[in-house]
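> coords please:
(2 chains)
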There are 2 protein chains.
Amino acid sequence: MPHDVALVERTLSEARQAVLGELERLFAERRRTGYGPLYDLLADYPFREGKGLRPAICFAACRAAGGRTEQALLSATALELFHNAFLVHDDIEDASEFRRGRVTMARQQGVPIAINVGDATNVLAIEPLLGNTERIGVRKALLVFREVERMARESAEGQAIELSWIANESFDLADRDYVRMAYKKTCWYTVIAPLRIGAICGSAPGPLAPLDEDLLVLVKLGFYAGIAFQIHDDLLNLMADETLYGKEIGGDLREGKRTVMLLHFIRTAPAAERERALTILRQPRARKSSEDVTWLRESMERNGSIAYGRKVAIEYTRRALEVDAGGIPLFGQNEDRRFLREMLNYVIDRIK
Amino acid sequence: MPHDVALVERTLSEARQAVLGELERLFAERRRTGYGPLYDLLADYPFREGKGLRPAICFAACRAAGGRTEQALLSATALELFHNAFLVHDDIEDASEFRRGRVTMARQQGVPIAINVGDATNVLAIEPLLGNTERIGVRKALLVFREVERMARESAEGQAIELSWIANESFDLADRDYVRMAYKKTCWYTVIAPLRIGAICGSAPGPLAPLDEDLLVLVKLGFYAGIAFQIHDDLLNLMADETLYGKEIGGDLREGKRTVMLLHFIRTAPAAERERALTILRQPRARKSSEDVTWLRESMERNGSIAYGRKVAIEYTRRALEVDAGGIPLFGQNEDRRFLREMLNYVIDRIK
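Below is the predicted model:
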């Protein structure tokens, strides 16, 4: 398969820089007019080293649709803020310890302040969306608002499904349960909304463009790509080097996070191993020992559950590439079109 | 002073009914198309018996400005949802036990689910705001969005100030510190934004109306009225009958909430009482005994701190009535104009 790592890494880094510049301006303004100490806390997560995936996808979709980066800049900045707000709350909900190589907001400031920081970050994201009315016109600005509403709604529903599994101690779940949850929780936030919003910002002006049908294929593309990304991320959590990954390795196992790999293990492991795994998983996080986590990871490996996860991730990437090859009406054939395809290949190649 | 309790209570009840009807429709739609169990949780707080204060103010301002209730219906519904989202998170941040006569969302469902319910409630509020583009036109719909952004931002900043007092164990605070915090945390949410949004929805159509200057006096009116309401609410928490009030009485003292009354006591009590009070207040909620709370309340009474709070609340209501008497350019002289004034008198009369 074609593979241009340099293109992918350059595009990610440029997107990140553009959004950070915009965030600097936004934070300076808020610190000047509002209660400063709050904005110092808000700036923490967005300025930690992230991948810049969502802005990069949003900009690339904008340019692939014929637009310029500036047309998507405020939207991409809002997406990055919503994403960070989501992470601050998600880290409380999952009782996570680390995020991007440092302790989570909740561990640093306590749960009450962390909840408020997440809420304030969501509010901060509204400002650039209102700025869109001047940047890309009222009609497109309102279309972007609709996408954001959908994205945030799907995400909250996906989160609700996952939290209900935790509350009910459900582990007997099929891949389709996982896929439905991740479609809502991850795909909309990470791929579908960035693609659709970028396409809206970059599309030719006109009373009707972009058409609903033209945007529909991006749900399909983003769905397959998003599931592949998520499984890839979950594989990284099981396998990667802690210093590179930024979260504690095996943290997902400590949290009892339902991944394709864990669910496969629960479905297919020998009865005794399955029972031991469930006993470990039902322990609160702090009561899971390192030995338990190591045993679980090694048993999953031995059982072929990690190989199974890799296979599923590759299959979803293949489907995404297929949708992509089928043609995307809104997108021209240019460097940014190529970036979106290379991103998919990049993920496949990095699957460990 | 003039006083028409029947008018106030009828207006509150009508507003509440109108918004509940709209909420029913919104929830039915989301349950049909989304993940149903999430919306069952979301419906909990809004359908508990509340005062309906914000919608009533919003509708009255709309009609006082010459509009019809329907023009403010979607905005008032959004305000009610934002308010409920705020309460769900506020109850976690304050570790509150009861809300509107029943246990809080967090005590019922755990913190992770409660955080997500608050987030999803905020998202649900965006839908009626987008519906405003058809109901009152794009220009006014965007003005309402700006008001909502400001309201949510002020509120998060006010919350941040209050949470910083808790984190730093600050009790040496002047009335002006309290007033700044409550202006941000309470006044915008409860009075200023409902007034301004109602006025925007109901004002005559036109490329410029309502003018920024015309809306400015509503900040002043809402500021004085909001502070009066908040002190009144804090007095109720100290004094009222638990079954009528819906929260545990003295809950504010258990939480160590900085009220005008408590801050006055800390500033003016004899040294030994002040030290005993600070020792009690610095205990975690669960370690405060009923005897401690009773002693604190009785000492505040004896020290004149509760009378002082009453005096400050009445003074702020007087200032609000003064602004009102000075004239509000956007508002005509009608029944709704009278309701807004009666609301202020109603509060004074209920101060215990």
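> now the residue in the stretch 251-352 of chain A positioned nearest to chain B: how far from A:Gly326?
With CB to the nearest CB as the measure, A:Glu255 is the residue of the stretch 251-352 of chain A nearest to chain B, at 10.9 Å. (Each C-beta comes from the backbone N, C-alpha and C, glycine too.) Note on A:Glu255: its distance to A:Gly326, by CB to CB, to the nearest Å, is 37 Å.
> so those two - more neighbours on which side?
A:Glu255 (19 against 10; other CB atoms under 10 Å in any protein chain shown).
> so what's that one closest to, chain neighbours aside?
A:Asp94 (5.2 Å; CB to CB, 6 or more residues apart in numbering or on different chains).
> residues contacting the one you found?
Each residue near A:Asp94 by CB atoms under 8 Å, 6 or more residues apart in numbering or on different chains is listed here: A:255, A:257, B:112.
> in helices only, show me the residues you listed.
In this view, the contacts of A:Asp94 that belong to helices under DSSP state H are A:255, B:112.
> surely A:Asn122 is in contact with A:Asn84?
No: in this structure, A:Asn122 is not within contact of A:Asn84 by CB atoms under 8 Å, at 9.4 Å.
> mean confidence for stretch A:173-182?
What stretch A:173-182 shows for mean pLDDT is 97.
> scratch that, stretch A:250-260
The model assigns stretch A:250-260 a mean pLDDT of 90.
> how far does that stretch sit from its chain's centre?
Computed by CA atoms, centre = their mean, to the nearest Å, the chain-centroid distance of stretch A:250-260 equals 17 Å.
> can you give me the buried ones in it?
By neighbour count on 16 or more other CB atoms under 10 Å in any protein chain shown, the buried set for stretch A:250-260 is A:250-260.
> widest-spaced pair of the residues you listed?
Using CB to CB, the two most remote members of these are A:Arg254 and A:Val260, lying 17.9 Å apart.
> return the residues in contact with A:Gly250.
A:237-238, A:293-294, A:297.
> so where does A:Gln108 fall, helix or strand?
helix A:105-109 (DSSP states H and E).
> ok, residues contacting that helix?
A:41, A:44-45, A:88, A:91-92, A:97, A:99, A:113-114, A:117-118, B:167.
> tell me the secondary structure for A:Ala182?
What DSSP: H, G, I helix; E, B strand; the rest coil gives for A:Ala182 is helix.
> how near is it to chain B?
13 Å (CB to the nearest CB, to the nearest Å).
> again with A:Ala18
Distance, A:Ala18 to chain B, by CB to the nearest CB: 23 Å.
> tell me, how many residues neighbour that residue?
With other CB under 10 Å as criterion, A:Ala18 counts 20.
> helix, strand or coil: sort out it for me.
helix.
> which residues does it contact?
A:55, A:59, A:69, A:73, A:76.
> show me where the stretch 201-350 of chain A has helices.
A:212-239, A:242-245, A:251-255, A:260-268, A:271-282, A:290-302, A:305-325, A:335-350 (DSSP state H, counting those that start in this stretch).
> now swap in the stretch 1-150 of chain A and tell me
A:5-33, A:36-42, A:44-47, A:53-64, A:69-93, A:105-109, A:111-124, A:126-135, A:138-167.
> of those helices, which is nearest B:Arg146?
Across these, B:Arg146 has its closest neighbour in helix A:126-135 (6.3 Å, CB to CB).
> coming back round to it: ok, the contacts of A:Asp94 vs A:Leu130, which is closest?
Among those, and counting by CB to CB, the member closest to A:Leu130 is B:Pro112, at 31.0 Å.
> hmm, A:Ile166 and that closest one touching each other?
Yes: in this structure, B:Pro112 is within contact of A:Ile166 by CB under 8 Å, at 7.3 Å.
> name the residue in the two with the higher neighbour count.
A direct count of neighbours by other CB under 10 Å for B:Pro112 and A:Ile166 places B:Pro112 higher, at 20 against 17.
> the more buried one and B:Glu157: what is the separation?
Relative to B:Glu157, B:Pro112 is positioned 25 Å away (CB to CB).
> with A:Gln333 instead?
Remark: distance between A:Gln333 and B:Glu157 (CB to CB) = 48 Å.
> neighbour count for the two, which is higher?
B:Glu157 (26 against 9).
> nearest residue to the more buried one in space, please, no chain neighbours.
Nearest one to B:Glu157, counting by CB to CB, 6+ apart, is A:Tyr35 at 4.1 Å.
> and the pLDDT for A:Arg285?
Here, the pLDDT recorded for A:Arg285 equals 82.
> burial count for it?
For A:Arg285, the count of nearby residues is 14 (other CB under 10 Å).
> same check on A:Ser290?
9.
> pretty sure A:Ala152 sits against A:His83.
No: if you go by CB under 8 Å, A:Ala152 and A:His83 don't touch, sitting 10.6 Å apart.
> before we move on, the earlier item: any chance of CSV for the contacts of A:Ala18, columns pLDDT, neighbour count and distance to chain B?
Output for the contacts of A:Ala18, formatted as CSV (pLDDT from 0 to 100; neighbours: other CB atoms under 10 Å in any protein chain shown; distance: CB to the nearest CB, whole Å):
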residue, pLDDT, neighbour count, distance to chain B
A:Pro55, 95, 31, 21
A:Phe59, 96, 31, 24
A:Thr69, 96, 20, 25
A:Leu73, 98, 25, 19
A:Ala76, 98, 29, 19
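> quick check: residues of the stretch 51-200 of chain A near chain B?
A:89, A:92-94, A:109-113, A:115-116, A:118-120, A:122-124, A:126-127, A:130, A:133, A:138, A:142, A:145-146, A:148-149, A:152-153, A:156-157, A:159-161, A:163-164, A:166-167, A:184 (CB under 8 Å from any CB of the partner chain).
> ok, the residue located most distally from the centre of chain A - contacts?
Distance to the chain centre peaks in chain A at A:Ala272, reaching 35.1 Å (criterion: CA atoms, centre = their mean). By CB under 8 Å, 6+ apart, no residues touch A:Ala272.
> look up how far B:Thr104 lies from it.
With CB to CB as the criterion, A:Ala272 and B:Thr104 are 42 Å apart.
> quick one: low-confidence parts of the stretch 151-300 of chain A?
The stretch 151-300 of chain A contains residues with pLDDT under 70 at A:208, A:240-249.
> check the stretch 1-150 of chain A too.
In the stretch 1-150 of chain A (pLDDT under 70), the answer is A:1-2.
> now do the phi/psi pair for A:Ser203.
A:Ser203 adopts backbone torsions of phi -70, psi 160, taken as degrees, to the nearest 10.
> correct me if wrong: it contacts A:Gly67.
Yes: using CB under 8 Å, A:Ser203 is in contact with A:Gly67, at 7.0 Å.
> which residues touch the nearest residue to A:Val219 once chain neighbours are set aside?
Take A:Val219 and drop its neighbours on the chain: the residue closest to it by CB to CB, 6+ apart is A:Ile192, 5.5 Å away. A:Ile192 makes contacts with A:151, A:218-219, A:222-223, A:226, as judged by CB under 8 Å, 6+ apart.
> okay if I get the residues you listed as CSV plus distance to B:Gln17 and neighbour count?
Conversion of these to CSV gives the following (distance: CB to CB, whole Å; neighbours: other CB atoms under 10 Å in any protein chain shown):
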residue, distance to B:Gln17, neighbour count
A:Met151, 33, 25
A:Leu218, 42, 26
A:Val219, 39, 19
A:Gly222, 42, 27
A:Phe223, 41, 22
A:Gly226, 42, 25
